[in-house]
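Enquirer: Just a sequence and a predicted model for now, questions to come.
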Amino acid sequence: MKTRVLVLMGGWSAERDVSLSTGAGAAAALREKGYEVATYDVSRDLPALLRALEPRPDVVFNVLHGRGGEDGVIQGVLDMLGITYTHSGLLASAVAMDKPMTKRLLQTVGVRSPRGATVTRAAAARGEAMPAPFVVKPVNEGSSVGVAVVREGDNRSSIEGDPDELVLVEEFVPGHDLFVSVMGDRALAVTEVQANSGFYDYEAKYTAGMARHLVPAPLPPDVYAEAMRFSLLAHQTLGCQGVSRSDLRWDDTKPGTEGLYFLEINTQPGMTPLSLVPEQAGHLGISYADLCAWIVEDALCRAKPAR
């Protein structure tokens, strides 16, 4: 009998379109590998979701991104129902989605991150957290949604919004954007991304031709190794499972590995044609379909002791 997989996709976060693209690709790949696959576009209608989960699948392939799908919410529903699902569990998902909490936790194991503070958006606009240049990010979004770089002399209109909303303000680190995927217990590779606009924002991530990917990244061996170590350590410290992707920044004006900084971890990274996880897997000879099948089988193997 074929393994029955339900792909949960879409959702209501700012990353809905990315999730739909990932879900379509993953569903096609899993069918190619011989799984019985259904898809469901998740909304805030919980009774409808419960109906979609009957008859119960053998495993849920969770490709929801952002709030409601990557932050422990959907994981809690599936845990309560006793349904096996891919990627990280409730606790790791919730902690990883909270950027300030992730920073504090990883600093205890020596994973360096930029100096930062959590303040209201109004305080950030007034420059109360730190002098420019600095970066402002929502405390719980992904895909660079709502991220703004504020430089000396900027009018700061880019960070307007709800003045009482809490945001993370971090010291701006000049240099290189680096990304490392982790698959199970190993880091795959380091990719350097060079965005045409100079900032790897949402548009650059998901629009063909807007960024150049260098894999493996042309880094000094010690920096490359440290980026891999930081990312695997972050994955393990937070208790992540399956596949994750860590985002880092490297200031090449500092000696050795001193300029390497961890920014954030994504517990359900994108799997679109432009995404970094399948690209790094492909660099190691792992096809997109094989990667999707591994994610499913990894979830099923982890679930066996609880059955």
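Expert: Noted; the coordinates are in hand.
Enquirer: Show which residues not belonging to the helix or strand harbouring S231 make contact with it.
Expert: With secondary structure defined by DSSP states H and E, S231 is part of helix 221-238. For helix 221-238, contacts defined as C-beta atoms under 8 Å, 6 or more residues apart in numbering pick out 88, 92, 95-96, 102, 105-106, 109-112, 178, 180-182, 185-187, 190, 216-217, 219, 240, 244-246, 248, 250, 256-257, 260, 262, 265, 267. No exception for glycine: its C-beta is placed from N, CA and C like everyone else's.
Enquirer: Adjacent strands (with direction) for the strand or helix carrying V149?
Expert: Assigned by DSSP H and E, V149 belongs to strand 148-150. Strands that pair with strand 148-150, judged by DSSP bridges, come out as strand 134-138 (antiparallel).
Enquirer: contacts for the partner strand?
Expert: Strand 134-138 is contacted by residues 99, 114, 121, 124, 145-150, 158-159, 165, 167-172 when judged by C-beta under 8 Å, 6+ apart.
Enquirer: circling back to that earlier point, distance from the chain centre to the helix holding S231, please.
Expert: 15 Å (C-alpha atoms, centre = their mean, to the nearest Å).
Enquirer: start at 325 instead
Expert: Yep, numbering from 325; the last one is helix 545-562 now.
Enquirer: list the helices and strands the helix or strand following that helix packs on?
Expert: Counting by DSSP H and E, the next helix or strand C-terminal to helix 545-562 is strand 567-574. Applying 3 or more C-beta pairs under 8 Å, 6 or more residues apart in numbering; DSSP states H and E, one finds that strand 567-574 contacts strand 500-507, helix 545-562, strand 584-590, helix 600-607.
Enquirer: coming back round to it: the helix holding S555 to strand 584-590, inter-axis angle?
Expert: 40 degrees (axes from the mean of the first three to the mean of the last three C-alpha atoms, to 10 degrees).
Enquirer: Taking strand 500-507 as reference, get the angle to helix 545-562.
Expert: Going by the same axes, to 10 degrees, helix 545-562 makes 50 degrees with strand 500-507.
Enquirer: Show the average pLDDT along helix 545-562.
Expert: Throughout helix 545-562, pLDDT has a mean value of 98.
Enquirer: remind me which residues of the stretch 475-624 of the chain are low pLDDT?
Expert: 479-482, 521-533 (pLDDT under 70).
Enquirer: tell me which element T577 falls in.
Expert: Per DSSP H and E, there is no helix or strand for T577.
Enquirer: So what does the closest residue to it other than its chain neighbours look like in phi/psi?
Expert: Nearest non-adjacent residue to T577, counting by C-beta to C-beta, 6 or more residues apart in numbering: G583, 6.6 Å away. With angles defined as degrees, to the nearest 10, G583 sits at phi -90, psi 10.
Enquirer: Pull the number of nearby residues for G583.
Expert: Neighbourhood size, G583 [other C-beta atoms under 10 Å]: 18.
Enquirer: got a list of what it touches?
Expert: Neighbour list for G583: 497, 499, 574-577 [criterion: C-beta under 8 Å, 6+ apart].
Enquirer: By neighbours, which of those residues wins?
Expert: Busiest of the contacts of G583 [other C-beta under 10 Å] is W574, holding 26 neighbours.
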